[in-house]
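Participant: what shape does this take:
(one chain, ligands or ions: 2)
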Amino acid sequence: MQTRLIDIRTDRDTALNEAKKLILDGQVVAIPTETVYGLAANALNAEAVKKIYAAKGRPSDNPLIVHISDYSQLLPLVKEIPEKVKLMADAFWPGPLTMIMKKSEVIPDITSGGLDTVAVRMPKSEHARAIISACGVPLAAPSANLSGSPSPTNAKYVLDDMNGRVPLIVDGGACEIGVESTVITFAADIPTVLRPGGVTPEMIRGVIGEIKIADAVLHELKEGETAASPGMKYKHYAPTADITIVKGSLESFCEFVKNKDCFVLCFEGEEKLFERFVTYGRADDGLSEAQRLFDALRELDEKGAKTVYARCPEISGVGLAVYNRLIRSAGFKVVEV
Ligand code: AMP
Ligand code: MG
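Facilitator: Ligands and ions are numbered 1, 2, ... in the order given. Model prediction:
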């Protein structure tokens, strides 16, 4: 299969028409969103959704997020819209927030990974919403990487993973947030965050009060433990390089990596301290780290890094999402110095 690239910023009509034609024909198209690039297909067409799993090499029990461009598209997808979901949608949609509810019969089993719930998001990216709206159907869209690899935040990295696997990549430039959406389930008694993202627990508590954070956000699942979100049990965001997070002061970090044959994943402003490094944002700015993290992981591979020691982000605000991704890319290897 030939993979075409069309830039929606310069060729808007062509991009929208081609994406619509392919998606309504049951094909998969890579699209930009404000979080990361997604692999989009008609969420209501089981055959089309199967092609997403095939293109990514994704296990079929790992459900997809369904993307809508207008609030009126939500009701047909779910059994009912809980009151708290309405409040959350008012506060954070369009935006990097995915909400899980009991699904209606229109959602094929393949889209929800066989679960009786469905995850829905209305992206903030104008490009993403224009594509969904042109198609006139909700789009199932997981991140546009090969299963297990870091999510792509620009069209070049989508092409690296998806060349020959999808007919079209819509280029919308760099993603504004850089990590995937916050996922919160309303199918539990108390709303529970399954994956942290750009909408932080603090922001959510401000709107609906009590929430829980799933254990697996910060810890590895134990043998035999079931995942609240199937995605939690799979290897994730891992570059080829072997990463270890090093917790401690900058000074003890420097001492720890001294004389080691390694690359360092550090913060901006720390470059002078290391010979071989890639930076990921500023130490005091979770959003800048989120924007850079996945690119930085791919850059480490491009530089041929084998062993990498990473500076640890602040685990609060958007930094919680950054740490959640980094600890998975490190296979949960953390040392304290
Ligand atoms: P991705 O599509 O790569 O952004 O990943 C979507 C994440 O949301 C995965 O971790 C899924 O397991 C999770 N997810 C999607 N739908 C559901 C659902 N119905 N219940 C629980 N988790 C879900
Ligand atoms: Mg993903």
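Participant: helices of this structure, start to end?
Facilitator: With DSSP state H as the criterion, the chain has helices at 12-24, 46-56, 83-92, 126-135, 155-162, 201-208, 250-257, 286-302, 319-329.
Participant: in a markdown table, list those helices along with mean pLDDT.
Facilitator: Below are the helices of the chain laid out as a markdown table (pLDDT from 0 to 100):
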| stretch | mean pLDDT |
| --- | --- |
| helix 12-24 | 98 |
| helix 46-56 | 97 |
| helix 83-92 | 98 |
| helix 126-135 | 98 |
| helix 155-162 | 97 |
| helix 201-208 | 98 |
| helix 250-257 | 97 |
| helix 286-302 | 96 |
| helix 319-329 | 95 |
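Participant: want to throw those into TSV with distance to Ile190 and mean neighbour count?
Facilitator: The way it works is simple: take the backbone N, C-alpha and C, and place the C-beta from them, glycine included. As requested, the helices of the chain are exported to TSV (distance: least, Cβ to Cβ, whole Å; neighbours: other Cβ atoms under 10 Å):
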stretch	distance to Ile190	mean neighbour count
helix 12-24	37	18
helix 46-56	30	19
helix 83-92	10	16
helix 126-135	30	21
helix 155-162	37	21
helix 201-208	10	15
helix 250-257	38	16
helix 286-302	25	23
helix 319-329	18	24
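Participant: in a markdown table: these, plus distance to Gln2.
Facilitator: Formatted as a markdown table, these follow (distance: least, Cβ to Cβ, whole Å):
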| stretch | distance to Gln2 |
| --- | --- |
| helix 12-24 | 12 |
| helix 46-56 | 14 |
| helix 83-92 | 38 |
| helix 126-135 | 20 |
| helix 155-162 | 12 |
| helix 201-208 | 43 |
| helix 250-257 | 45 |
| helix 286-302 | 24 |
| helix 319-329 | 31 |
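Participant: redo these as TSV? Include distance to ligand 1.
Facilitator: Shown next, in TSV, are the helices of the chain (distance: least, Cβ to the nearest ligand atom, whole Å):
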stretch	distance to ligand 1
helix 12-24	17
helix 46-56	8
helix 83-92	14
helix 126-135	13
helix 155-162	13
helix 201-208	16
helix 250-257	31
helix 286-302	12
helix 319-329	11
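Participant: wait, which of those helices is closest to Gly178?
Facilitator: For the helices of the chain, proximity to Gly178 was assessed by Cβ to Cβ; helix 286-302 is nearest, at 3.9 Å.
Participant: quick check: angle from that closest one to helix 155-162?
Facilitator: On the basis of axes from the mean of the first three to the mean of the last three Cα atoms, to 10 degrees, helix 286-302 is oriented at 50 degrees to helix 155-162.
Participant: could you tell me the angle between helix 286-302 and helix 319-329?
Facilitator: Using the same axes, to 10 degrees: helix 286-302 against helix 319-329 is 20 degrees.
Participant: could you number the chain from 9 rather than 1 from now on?
Facilitator: Taking 9 as the first residue, the last one we looked at is helix 294-310.
Participant: how about the residues of the stretch 59-208 of the chain by ligand 1?
Facilitator: The stretch 59-208 of the chain comes close to ligand 1 at residues 70-73, 108, 120, 123, 125-127, 150-151, 188, 191, 202-203, as judged by Cβ under 6 Å from any ligand atom.
Participant: can you check the pLDDT for whatever residue of the stretch 209-345 of the chain ends up closest to ligand 1?
Facilitator: Nearest residue of the stretch 209-345 of the chain to ligand 1: Gly239, at 2.0 Å (Cβ to the nearest ligand atom). For Gly239, the model assigns a pLDDT of 73.
Participant: contact partners for the nearest residue to it once chain neighbours are set aside?
Facilitator: Closest residue in space to Gly239, ignoring its immediate chain neighbours: Asn70 at 5.2 Å, by Cβ to Cβ, 6 or more residues apart in numbering. By Cβ atoms under 8 Å, 6 or more residues apart in numbering, Asn70 lies in contact with Gly121, Pro150, Pro238, Gly239, Tyr242.
Participant: for the second one, give me its contacts.
Facilitator: Residues near Pro150 by Cβ under 8 Å, 6+ apart: Gly46, Leu47, Ile60, Lys64, Arg66, Asn70, Leu72, Ile73.
Participant: and if you look at Glu88?
Facilitator: Listed by Cβ under 8 Å, 6+ apart, the contact set of Glu88 reads Met109, Lys110.
Participant: could you give the backbone dihedrals for it?
Facilitator: phi -150, psi 160 (degrees, to the nearest 10).
Participant: then stretch 89-104 to PDB, C-alphas only?
Facilitator: Output in PDB follows, covering the C-alpha atoms of stretch 89-104 (Å, rounded to 0.1, in the frame of the first residue of the first chain):
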ATOM      1  CA  ILE A  89     -25.200  10.300  30.000                       C
ATOM      2  CA  PRO A  90     -24.400  10.500  33.800                       C
ATOM      3  CA  GLU A  91     -24.900  14.000  35.300                       C
ATOM      4  CA  LYS A  92     -21.200  14.200  36.200                       C
ATOM      5  CA  VAL A  93     -20.300  13.500  32.600                       C
ATOM      6  CA  LYS A  94     -22.400  16.500  31.500                       C
ATOM      7  CA  LEU A  95     -20.500  18.700  34.000                       C
ATOM      8  CA  MET A  96     -17.100  17.400  32.800                       C
ATOM      9  CA  ALA A  97     -18.000  17.900  29.200                       C
ATOM     10  CA  ASP A  98     -19.000  21.500  29.900                       C
ATOM     11  CA  ALA A  99     -15.700  22.100  31.700                       C
ATOM     12  CA  PHE A 100     -13.200  20.200  29.500                       C
ATOM     13  CA  TRP A 101     -14.700  19.400  26.000                       C
ATOM     14  CA  PRO A 102     -13.400  19.900  23.500                       C
ATOM     15  CA  GLY A 103     -10.100  18.900  25.100                       C
ATOM     16  CA  PRO A 104      -7.700  16.100  26.200                       C
END
